[in-house]
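1. sequence isn't available, so here's the structure alone:
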């Protein structure tokens, strides 16, 4: 069930939606039957009980509407209130949030009477506003907030609430967004401490389901065996993936001597064994503090002739493994036992720690295989700052913004400059920029520009 289904004047509800929604029958404030989506109703009852303790009594005016009923409402208001009123407050058939069962027009009890006439409810705006701060705690948002009319397509309705789930509701509320902005314009960085036995894509998929945002990427793949820092880019921040991927990375790896596997880690099949061991291990490790051409593992997603290497490997097909330049910036022995040791290393983009371990072994005619790997840092992001998937599921996390992750100069621009930046116009470098600059308009980041000779050119459009 998708609790972030977007239904508005530009997005009609799909017939397939009706097949997945489960409706609960209840009674509205006028003792008429109405229906609400199951989880929405459950959370509405919790909200109602919570507000009751604060001496605020609410009820359901209207919730689910089928398309026939919506047409009747449109016709009635068109006749009694006119066309302009309908376009402001009444959705055309197929475009109403009420078709989802996730939307509720709530009614307030005043002087022992429930208020139900939408046209007159605005005079009780201050009473409704007492409810709004609590909505997010129960997974609801104010669907048509004040000041967002040009985005939602409807006038402010302080009584119209919409269930989206507690975590999306929290983000939407904290960032003063409407649903359209959250789904189509929100962006940020989420630092996840990836668990073992999950692919990076598994993490992306899970977070996407939790946040209800489809557009999520990651920077710097971690193998299923590996754990640690995984930087996720959300929404419009997926545009920054390339920049974040280029950051150097720091790892702690554990190694078993005497065996070599086809995957270069302990999850693979042992293909060779010997009894050779490295005595001067600390000295050997230090010799790898250098830049060299590293052969890519055959079990990797690197493409050769349009085909991923692991596809060749799984079919036992011969292929020449590519090499690429990598830099081992720091490497330090942490612990050594008879057949095992661990080390910490800082490396450049694209370095395979599995391959580094293989190469260390080759240098001394000793077989080595990686048994565990933890990425403890990527660029400025440390493992201590990362959240577990359990944290994310429970809403215990913070999404970082652009200013949390870069140190570029920020320039606030006026209306005239905004038009130029918004259209990607090449600018004179009158700001003494040596690399990149952020342009901000009315508090919102619009774009990142990059120095090109003596000009500034569009690098990434953010908003």
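-> Nice, thanks for sending it over. All figures in this text were calculated on a predicted structure; none of them were measured in a lab.
2. okay, CA-based contacts and neighbour counts for the rest of this
-> OK.
3. low-scoring stretches of the chain, by residue?
-> 117-119 (pLDDT under 70).
4. for residue 423, give its distance to residue 462.
-> 12 Å (C-alpha to C-alpha, to the nearest Å).
5. same check, this time on residue 290
-> 37 Å.
6. when those two are compared, which one has more neighbours?
-> Using other C-alpha atoms under 10 Å, the more surrounded residue of residue 290 and residue 462 is residue 462, with 21 against 13.
7. what does that one show for phi and psi?
-> Dihedral pair for residue 462: phi -100, psi -40, per degrees, to the nearest 10.
8. what sits against it?
-> Shown in contact with residue 462 (C-alpha atoms under 8 Å, 6 or more residues apart in numbering): 236, 237, 239, 445, 446, 447, 448.
9. reformat those as a markdown table; add secondary structure, distance to residue 91 and neighbour count.
-> Output for those, formatted as a markdown table (DSSP: H, G, I helix; E, B strand; the rest coil; distance: C-alpha to C-alpha, whole Å; neighbours: other C-alpha atoms under 10 Å):
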| residue | secondary structure | distance to residue 91 | neighbour count |
| --- | --- | --- | --- |
| 236 | helix | 29 | 17 |
| 237 | helix | 32 | 23 |
| 239 | helix | 34 | 17 |
| 445 | strand | 33 | 19 |
| 446 | strand | 32 | 20 |
| 447 | strand | 35 | 21 |
| 448 | strand | 38 | 21 |
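10. just put those in JSON lines and tack on distance to residue 83.
-> Below are these laid out as JSON lines (distance: C-alpha to C-alpha, whole Å):
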{"residue": "236", "distance to residue 83": "37"}
{"residue": "237", "distance to residue 83": "40"}
{"residue": "239", "distance to residue 83": "42"}
{"residue": "445", "distance to residue 83": "38"}
{"residue": "446", "distance to residue 83": "37"}
{"residue": "447", "distance to residue 83": "40"}
{"residue": "448", "distance to residue 83": "43"}
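11. which is the next helix or strand following the longest strand that the chain contains?
-> Longest strand in the chain by number of residues (criterion: DSSP state E): strand 323-336. Sequence order places strand 340-347 as the next helix or strand after strand 323-336, per DSSP states H and E.
12. what does that next one contact?
-> 248-257, 326-336.
13. for the nearest residue to residue 30 once chain neighbours are set aside, give its distance to residue 142.
-> Distances taken as C-alpha to C-alpha, 6 or more residues apart in numbering place residue 61 nearest to residue 30, at 7.6 Å, with adjacent residues excluded. Distance, residue 61 to residue 142, by C-alpha to C-alpha: 16 Å.
14. repeat that for residue 163.
-> 9 Å.
15. now residue 388. Its backbone dihedrals?
-> Dihedral angles (degrees, to the nearest 10) for residue 388: phi -70, psi 160.
16. where along the stretch 201-350 of the chain do the helices fall?
-> 241-245, 281-287, 309-314 (DSSP state H, counting those that start in this stretch).
17. residue 349: which of those helices is closest?
-> helix 241-245 (7.0 Å; C-alpha to C-alpha).
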